[in-house]
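Asks: here is a sequence with its predicted model. Questions after.
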Amino acid sequence: MAWLYRFEAKSIQQYVLGSQKLKEILGASAVVQALSDELIPAVLARTGGSVLYSAAGGATLRFETEASLRDFVPRITVEAARFAPGLPTVQAWTRDGEGAVAELQRRLRHARNVQPFAVPIGNAVIDRSPDGWPALPKTDHDDRQLDLVRRAKLHAHDHFLRPLEKRFFAARAAELEAPREIDDIAGRGEARYVAVIHADGNGVGQLLPALTTAEKMGAFSSALAEATLAAVHRASDELFDVDNRLCGRPVVVGGDDVTVIVAAGRATAWVQAFCAAFEEETQARGQINGRQGLTASAGIALVRSKHPFRQAYDLAEALCSYAKREGRAAGSPSLVAFKRVSNTLDADLPAPVSGAESRHRFGPYLVGASAQTGFARLDAVRAAAHAAARRDVARGPLRTLAQRLTARPESAARHFERLCVVHSESRGFSLLRQRLADLAEGLDTELYVPVRRATATGTLADVTATPWFDILDLMAVEGTGGTR
């Protein structure tokens, strides 16, 4: 009797983004990919077994005998702990046959909820790294105070990064002029913002119950991973600036799950390119939803280059979930939500996805090929932000308008009318008004009054929805530019 087996790494994004150093982030990304590309095949070569599906940090395997399974499990447990210290993993297996896929998923859910037993490493008086792990002895070649986790990441950066670059950038990998530090990604501007983007396919979980055999699950998972990677390749041009300098990197690409760090000014362009490509690539593969294709949602956390990236990822993931919830009542089109955080100590990071502040947010915004009404398009709010950033448009009155929308919404309309009179001769302000009209097209709103918007539950509610906060956020990160 054959056995079906699944190996997965847990908390991958937290592991990858657990450092502020770009070299360690890229090394951690290489560790995750090498688990499935290097380690698992090497152990399988000694124990026997076949790969049904393999992606970043995980693999689904089949063993023809129980003996080979029992040989593989302890080996991979020890080898994974050595290869990727600090990265939690889970395993589950069941006899192959009818209902095996559902049973394997049930056992995986149980395994993910089991907390590993933490054995104290070292005593209280040994040297430790800044992260709390016991420090390793210094060597003649490296006098840094490294621990097991950091050493594994740096080792992977030196030995496995090149294959990862070929995987993410395909033909352009050979011409990369890679940034060495996070500040190199942020660029030379005063704000020095970077974006942490989390993107995820919509409705994938609803398709899984129909995949009743390991072969169907493997074919679906492989096709979905291929479509996601192809979309990443097609969007990779948006990670290069006008000087052909690389200003961003994918750090996790697995299944339909993508996490990217990029210069803040390139974030919205990358999301637009990725979501459009994801829709086309999934539609082109018959194993995915019968060639109907899938959509994707994304969250963008716009943070300063010194902001804790693990915290930024949590915000990006929450924004992605918010976009998914808002889109369900409209058939789950491709949507994106974003927020700029200027203060590392901000205690209200979840505010854009719950609570009072979300009532003033106009997003999520529509991306991709969908013509779904009820949501403004991302390119429309970007165009409005670029118009507002012109040098012949005064920013002070726009900020005042945003403040009044928060404190005294009833006076915002009067303030905007006065702006229109005072700046009636301004070419820049005329362009801004046109861009605002384009943004409001099909939404039955003047952008500064209460709007009836469908909620995630499908009910209608009066909320003060305005794009001004989003416009100001994009103005801060996508540059000023423009002409008088």
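Replies: Here it is on my side, so go on. Residues are numbered from 1 along each chain as shown.
Asks: surely Ala263 touches Ile197?
Replies: No: the pair Ala263 / Ile197 is not scored as a contact, 11.3 Å apart, by CB atoms under 8 Å. The way it works is simple: take the backbone N, C-alpha and C, and place the C-beta from them, glycine included.
Asks: who has more neighbours out of the two?
Replies: The residue with more neighbours, out of Ala263 and Ile197, is Ile197; 30 against 26, by other CB atoms under 10 Å.
Asks: after the strand or helix carrying that one, which helix or strand is next?
Replies: For Ile197, the enclosing helix or strand under DSSP states H and E is strand 193-201. Downstream of strand 193-201, the next assigned helix or strand under DSSP H and E is helix 204-207.
Asks: relative to the whole chain's centre, how far out is that next one?
Replies: Centre-to-centre, helix 204-207 and its host chain are 19 Å apart (CA atoms, centre = their mean, to the nearest Å).
Asks: now that helix: mean pLDDT?
Replies: Confidence for helix 204-207, expressed as mean pLDDT, is 87.
Asks: with just CA atoms, put it into CSV.
Replies: In CSV, the C-alpha atoms belonging to helix 204-207 read as follows (Å, rounded to 0.1, in the frame of the first residue of the first chain):
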residue,chain,number,x,y,z
VAL,A,204,-8.3,28.9,-4.5
GLY,A,205,-9.6,27.2,-1.4
GLN,A,206,-13.0,26.8,-3.0
LEU,A,207,-11.5,24.7,-5.8
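Asks: rewinding a little: pull up the pairing partners for the strand holding Ile197, direction included.
Replies: strand 257-263 (antiparallel), strand 296-304 (antiparallel) (DSSP bridges).
Asks: quick check, pLDDT for Leu44.
Replies: Leu44 is assigned 95 on the pLDDT scale.
Asks: go ahead and confirm it touches Asp71.
Replies: No: using CB under 8 Å, Leu44 and Asp71 do not qualify as a contacting pair, with a distance of 10.3 Å.
Asks: tell me where the stretch 351-484 of the chain has helices.
Replies: With helices called from DSSP state H, counting those that start in this stretch, the stretch 351-484 of the chain shows them at 378-388, 395-407, 409-422, 427-440, 468-477.
Asks: for the second one, name the packing helices and strands.
Replies: So the one you mean is helix 395-407. If contacts are counted by 3 or more CB pairs under 8 Å, 6 or more residues apart in numbering; DSSP states H and E, helix 395-407 sits against helix 409-422, helix 468-477.
Asks: in the stretch 1-150 of the chain, where is pLDDT below threshold?
Replies: Along the stretch 1-150 of the chain, segments meeting pLDDT under 70 span 117-126, 128-133, 138-144.
Asks: re earlier: turn the helices of the stretch 351-484 of the chain into CSV, including mean pLDDT, mean neighbour count and distance to Ala102.
Replies: Converted to CSV, those look like this (pLDDT from 0 to 100; neighbours: other CB atoms under 10 Å; distance: least, CB to CB, whole Å):
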stretch, mean pLDDT, mean neighbour count, distance to Ala102
helix 378-388, 91, 22, 38
helix 395-407, 79, 15, 49
helix 409-422, 77, 14, 51
helix 427-440, 84, 19, 46
helix 468-477, 87, 22, 42
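Asks: go through those and name the closest to Ala84.
Replies: Nearest to Ala84, of all those, is helix 468-477, at 33.7 Å by CB to CB.
Asks: contacts for the closest one, please.
Replies: If you take CB atoms under 8 Å, 6 or more residues apart in numbering as the criterion, helix 468-477 is touched by 191, 193, 195, 264-265, 267-268, 302, 338-340, 342, 360-363, 365, 381-382, 384-385, 388-389, 395, 398-399, 401-402, 405, 447-448.
Asks: same question for stretch 146-160.
Replies: Residues outside stretch 146-160 that contact it (CB under 8 Å, 6+ apart): 19, 23-24, 26-28, 30-31, 33-34, 38, 83-86, 128-129, 131, 133-136.
Asks: just those: which are in helices?
Replies: In this view, these that belong to helices under DSSP state H are Lys23, Glu24, Leu26, Gly27, Ala28, Ala30, Val31, Gln33, Ala34, Phe83.
Asks: could you dump those residues to CSV with distance to Gln283 and neighbour count?
Replies: Output for these, formatted as CSV (distance: CB to CB, whole Å; neighbours: other CB atoms under 10 Å):
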residue, distance to Gln283, neighbour count
Lys23, 38, 16
Glu24, 37, 20
Leu26, 32, 25
Gly27, 35, 26
Ala28, 33, 30
Ala30, 31, 28
Val31, 33, 29
Gln33, 26, 23
Ala34, 31, 21
Phe83, 37, 18
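Asks: tell me which of the residues you listed is nearest to Ser424?
Replies: So of the ones in helices among the contacts of stretch 146-160, ranked by how close each gets to Ser424 (CB to CB), first place is Leu26, at 52.1 Å.
Asks: tell me if I'm right that the closest one and Arg249 touch.
Replies: Yes: contact criterion CB under 8 Å: Leu26 and Arg249 qualify, at 6.8 Å.
Asks: what helix or strand is the spatially closest residue to Leu52 that is not a sequence neighbour located in?
Replies: Leaving aside its sequence neighbours, Leu52 sits nearest to Gly218 (CB to CB, 6 or more residues apart in numbering; 4.0 Å). Secondary structure assigned from DSSP H and E places Gly218 in helix 214-235.
Asks: any buried residues in the helix or strand just after that helix, and which?
Replies: The helix or strand immediately downstream of helix 214-235 is strand 248-254, counting by DSSP H and E. For strand 248-254, burial by neighbour count (16 or more other CB atoms under 10 Å) applies to Gly248, Arg249, Pro250, Val251, Val252, Val253, Gly254.
Asks: measure how strand 248-254 sits relative to strand 257-263, angle-wise.
Replies: On the basis of axes from the mean of the first three to the mean of the last three CA atoms, to 10 degrees, strand 248-254 is oriented at 170 degrees to strand 257-263.
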